[in-house]
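Student: sequence below, structure please.
(chains A and B)
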Amino acid sequence: MAMLSQVGAISVKELKILLRDRQALALLFLMPTFFILVMSFALEGVFEAGTRSRPLEILVVNQDRGDLAQKTVKAAKRIGGITLVETGPSGPLTLEQAEASIRKGTQRFALVFRGDYTERLQGATADTRSATEPRDTAALNTVQAGRAGEDQPPAEHAAISLIVDPAINQQVQTVVSGIVSGIVERMRLATQLPARIQDALEPIADEIPPADLAGTGVDELGEPAAEIEKLIADEAQQITLEITPPRGFGRERRPTATEQNVPAYAIFGVFFIVLTIAKSFLRERLDGTFVRLLTAPLPKPLLIIGKLLPYYLVNLLQIALMFAVGVAVFGMTLGSLPAFAVLSLATAATANGLGLLVAAFGRSEAQVDTLAVLLAITLAALGGIMVPTFVMPESLQMLSRLTPHAWALAGYQDVIVRGLTLRDVLPETGVLLGFAAVFLLVGLWRLRLN
Amino acid sequence: MSAETTDEAVSMVGLVKRYGTHEAVDGIDLVIRRGEFFGLLGPNGAGKTTTIGMLCGFIEPTQGHIRIGGMPALPRSNTLKRKLGLVPQELAFYPTLSAHDNLAFFGRIFGLQGQHLQSRINTVLAMARLDQRDREPVTQFSSGMKRRLNIAIGMLHEPEILVLDEPTVGIDAQSRSAILETLQQLNRDGVTVIYSTHYMEEAQRLCGRVAIMDHGRVIATDSPRRLVRSLGDGIIEIEFAGPPVDACVEKLQALGTLRFQREDRSAFSLQAPEPETMLPRLLEVVRGFDVSIRSLRLLEPNLETVFLKLTGRQLRD
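Tutor: Prediction:
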């Protein structure tokens, strides 16, 4: 009984302490709620991308001299999972407009029907593509092609091209290419098969009455059936869905999974410094060392700079280490080193600024812990670290632009995945430095050292 | 009078610190002379730490002025900051670092460098009797050693004025004695010491003058001896087994100033210039009313009784 009373007393005491730290308590409840909301909305996008409820938007550039591209688009519009956009501000979309949209990051996919699409589908021309990848046995071939340089137009050998933002992860790309392949293949079969069957059956047409053909399996036809299959297989190799990045990116090949993932992991890790920084400030405040330092001939900004500098260097070291692993172990390429360096400096500055901000607002250890973890995880989720922002609902996409993570990720993807240069990442760098400045100034203003 | 020739180490005029409606310091006027060992004596919550905070510049006064060495304390120049050394009530250092590393860090922050820094580190380590263990992490130190390091950091840059806020809280008698000796030596060497404490014995032993503080105000300032002589009646504290009858209380009140220490009037203090001669008379009164005494304490005149006389409360309340 006495022991129970003791346990009760301890629990009541803990509860009282917890109840008095109302901000920490609020955060403890807010964090999981916020986390569930953000993660559910964000992940919903991944699982539902390419479904009727969350269709993927694809630009359509129709260069086809015939009418089959138009028919393909019409057929595609009847199926769920994708939304096709055929027109721009000044009429039908051009290849240049579609590529510009992808380069700007406003669109992720563009489907380009080449001039000879109809002819190819009808089997009138031979495939002249020179892709080095081995052909598979699928009816419609999908090949990954890179761009040798900015001035080279998309390959003309393919009847149909899917231009994809290189930052798009493989899973989502597979969904889109699968949908497109299915439609084109159906269109091809619908176009070619009747004529081919007709051709194959021509030698024996006189022996089989037309009425019997409808109810007879093709394999029962013996030699002619084998001929039809051969023809279908041969023709299949003439229709190629080429997946390619838009012109204007400096990449000569598709980015690897490592190149796509390492920037996200690196940013996620970098922002965990927020917890370390905030705790360090809190500890100095509680221990009274700040009070002692306040009496020293040391301006407050210098004190803050001196405190943040090592964490800044740790951040840079983190980034260097994470990308070094990517380069050394997975053979990833970093792209423009000046652009990479400038982005890294700006990202680390933002993370340090956020650390100071949390230090300024966290009044107890519980508050600092919860706030830092809440920010590290939810900002990462919102910023596209865990799932790409373009598959998120519109409202979350808007919110993601308010996170430094989204800008840092866009910058790193520009450099590493899209092969862009320092000049191209200046906007992202500027926004990151803006975040850093706001965080640092508000942090300095609100930070109590005693 | 120029700043260099003034005899005044610190002066505070009309100093007020308000937090919302609460006045932590309520109009303090004090002058502390160069070379003094000056005590701020008062119970917890009297406003001592807030006063020290304003003096050392980490708490902004709501009203009033402070001068240090004859110069206005605001804006606080680096020269002014170097004149002051603070020993906060908290153990304000980095526990995972060694004593040497802590001293080296704070020394550099105060502008010491090279040989001079090393020489000062050695000096204060020896004064704090930490020179044998200066490379160990401070986490391995006893409470007394930590308190000594706390003081060593404050005096590292050779301040003209050393301000200590309850520097001996929570340590053993031996460490306390060592600290007090060190401070007395520093004062003999010319350092002005401002010493905040709620330990009457320390104030009485160390301070040339004390300011007694209560509820944010200075209620008396003088040397401990003069304060005791002028205000220090002896005190007899009595606790009865139950509340005495009114007639008994009336007779006791006739003996001297009576202050009840409990609401049921079962405990009180009786203030008298000579408590030894008062005691037999008091016992005679009590005997006449058949009340049993649970405890009785006789206090000689000292700063504790001065405080009791001034406030009706004990210093440790």
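
Student: residues from chain A in reach of chain B?
Tutor: Within chain A, the residues that sit near chain B (CB under 8 Å from any CB of the partner chain) are A:287-289, A:291-298, A:449-450. In short, each C-beta sits where N, CA and C put it, glycine included.

Student: these in helices, which ones?
Tutor: Counting by DSSP state H, these place A:287, A:289, A:291, A:292, A:293, A:294 in helices.

Student: now these as a markdown table including distance to residue A:336 and neighbour count?
Tutor: Shown next, in a markdown table, are those (distance: CB to CB, whole Å; neighbours: other CB atoms under 10 Å in any protein chain shown):
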| residue | distance to residue A:336 | neighbour count |
| --- | --- | --- |
| A:287 | 45 | 17 |
| A:289 | 43 | 22 |
| A:291 | 47 | 23 |
| A:292 | 46 | 25 |
| A:293 | 41 | 22 |
| A:294 | 44 | 20 |
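
Student: now do the residue nearest the centre of chain A against residue B:282, distance only.
Tutor: The geometric centre of chain A, computed from its C-alpha atoms, lies nearest to residue A:388 (CA atoms, centre = their mean), at 3.8 Å. Using CB to CB, to the nearest Å, residue A:388 is found at 88 Å from residue B:282.

Student: again, but for residue B:74
Tutor: Counting by CB to CB - residue B:74 and residue B:282 are separated by 54 Å.

Student: higher neighbour count, those two?
Tutor: residue B:282 (20 against 15; other CB atoms under 10 Å in any protein chain shown).

Student: give me the pLDDT for that one.
Tutor: At residue B:282, the pLDDT value in this model is 86.

Student: got it, and the one 4 residues further on?
Tutor: At residue B:286, the pLDDT value in this model is 86.

Student: return the distance of the closest residue to it other than its chain neighbours relative to residue B:282.
Tutor: Once flanking residues are discounted, residue B:286 sits nearest to residue B:293: 6.4 Å by CB to CB, 6 or more residues apart in numbering or on different chains. As judged by CB to CB, residue B:293 and residue B:282 stand 10 Å apart.

Student: got any residues that touch both of those two?
Tutor: Common contact partners of residue B:293 and residue B:282 (CB atoms under 8 Å, 6 or more residues apart in numbering or on different chains): residue B:238.

Student: number of nearby residues for residue A:378?
Tutor: Residues lying near residue A:378 (other CB under 10 Å) number 20.

Student: name the next helix or strand downstream of the helix or strand hosting it, please.
Tutor: Using DSSP states H and E, residue A:378 falls within helix A:365-382. Next helix or strand after helix A:365-382 toward the C-terminus (DSSP H and E): helix A:394-400.

Student: give me the contact list for the next helix or strand after that next one.
Tutor: Downstream of helix A:394-400, the first helix or strand assigned by DSSP H and E is helix A:404-412. By CB under 8 Å, 6+ apart, the surrounding residues in contact with helix A:404-412 are A:105, A:263-264, A:266-268, A:270-271, A:339-340, A:343, A:346-347, A:350-351, A:354, A:379-380, A:382-385, A:389, A:400-401, A:425, A:428-429, A:431-432, A:435.

Student: do that again at 7 Å, thanks
Tutor: Residues outside helix A:404-412 that contact it (CB atoms under 7 Å, 6 or more residues apart in numbering or on different chains): A:105, A:263-264, A:267, A:271, A:343, A:347, A:350, A:379-380, A:383-385, A:389, A:400, A:425, A:428-429, A:431-432, A:435.

Student: same question for stretch B:281-291.
Tutor: Contacts of stretch B:281-291 (CB under 7 Å, 6+ apart): B:236, B:240, B:244, B:245, B:247, B:248, B:251, B:252, B:255, B:270, B:293.

Student: swap the cut-off to 6 Å and go again
Tutor: Contact with stretch B:281-291 is made by B:240, B:244, B:248, B:251, B:252, as judged by CB atoms under 6 Å, 6 or more residues apart in numbering or on different chains.

Student: of all the residues you listed, which two lie farthest apart?
Tutor: Largest separation among the contacts of stretch B:281-291 by CB to CB: B:240 and B:251, giving 13.7 Å.

Student: comparing these two, which residue is more hemmed in?
Tutor: More neighbours surround residue B:240 than the other of residue B:240 and residue B:251, with 21 against 18 (other CB under 10 Å).

Student: for burial, what's the neighbour tally of residue B:208?
Tutor: When neighbours are counted by other CB under 10 Å, residue B:208 registers 16.

Student: tell me which residue is most central in chain B.
Tutor: With distances taken as CA atoms, centre = their mean, residue B:197 lies nearest the centre of chain B, 2.0 Å away.

Student: hey, C-alpha coordinates of the longest helix along chain B in PDB?
Tutor: Determined from DSSP H, the single longest helix within chain B is helix B:173-188. This file holds the C-alpha atoms of helix B:173-188, laid out as PDB (Å, rounded to 0.1, in the frame of the first residue of the first chain):
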ATOM      1  CA  ALA B 173      32.300  23.900   5.900                       C
ATOM      2  CA  GLN B 174      35.900  23.200   4.900                       C
ATOM      3  CA  SER B 175      35.300  24.400   1.300                       C
ATOM      4  CA  ARG B 176      33.400  27.400   2.600                       C
ATOM      5  CA  SER B 177      36.200  28.400   4.900                       C
ATOM      6  CA  ALA B 178      38.700  28.100   2.000                       C
ATOM      7  CA  ILE B 179      36.600  30.300  -0.200                       C
ATOM      8  CA  LEU B 180      36.100  32.900   2.400                       C
ATOM      9  CA  GLU B 181      39.800  33.100   3.100                       C
ATOM     10  CA  THR B 182      40.500  33.500  -0.600                       C
ATOM     11  CA  LEU B 183      38.000  36.300  -0.900                       C
ATOM     12  CA  GLN B 184      39.500  38.100   2.200                       C
ATOM     13  CA  GLN B 185      42.900  37.800   0.600                       C
ATOM     14  CA  LEU B 186      41.600  39.300  -2.600                       C
ATOM     15  CA  ASN B 187      40.100  42.200  -0.700                       C
ATOM     16  CA  ARG B 188      43.300  42.800   1.100                       C
END
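
Student: residue B:75: what secondary structure?
Tutor: Three-state assignment for residue B:75 (DSSP: H, G, I helix; E, B strand; the rest coil): coil.

Student: same check on residue B:16?
Tutor: When classified by three-state DSSP, residue B:16 comes out as strand.

Student: what about the nearest residue to it once chain neighbours are set aside, neighbour count?
Tutor: Ranked by CB to CB, 6+ apart and with sequence neighbours excluded, the top spatial neighbour of residue B:16 is residue B:63, at 3.9 Å. The criterion is other CB under 10 Å. On that basis, residue B:63 has 13 neighbouring residues.

Student: which pLDDT value goes with residue B:63?
Tutor: So residue B:63 comes in at 94 (pLDDT).

Student: and for residue A:224?
Tutor: 57.

Student: pLDDT and distance to residue A:309 added to the residues of chain A next to chain B, as a markdown table?
Tutor: Output for these, formatted as a markdown table (pLDDT from 0 to 100; distance: CB to CB, whole Å):
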| residue | pLDDT | distance to residue A:309 |
| --- | --- | --- |
| A:287 | 91 | 20 |
| A:288 | 91 | 22 |
| A:289 | 92 | 17 |
| A:291 | 92 | 22 |
| A:292 | 92 | 20 |
| A:293 | 91 | 15 |
| A:294 | 90 | 19 |
| A:295 | 92 | 22 |
| A:296 | 91 | 18 |
| A:297 | 90 | 19 |
| A:298 | 87 | 14 |
| A:449 | 86 | 17 |
| A:450 | 80 | 22 |
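
Student: give me the phi and psi angles of residue B:61.
Tutor: Dihedral angles of residue B:61 (phi, psi; degrees, to the nearest 10) stand at phi -70, psi 150.

Student: ok, for it, nearest residue in space, not its chain neighbours?
Tutor: residue B:54 is the one closest to residue B:61 (CB to CB, 6+ apart), at 4.8 Å.

Student: ok, residue B:168 next?
Tutor: Leaving aside its sequence neighbours, residue B:168 sits nearest to residue B:176 (CB to CB, 6+ apart; 4.7 Å).

Student: tell me what residue A:243 is bridged to.
Tutor: residue A:144, residue A:162 (DSSP bridges).
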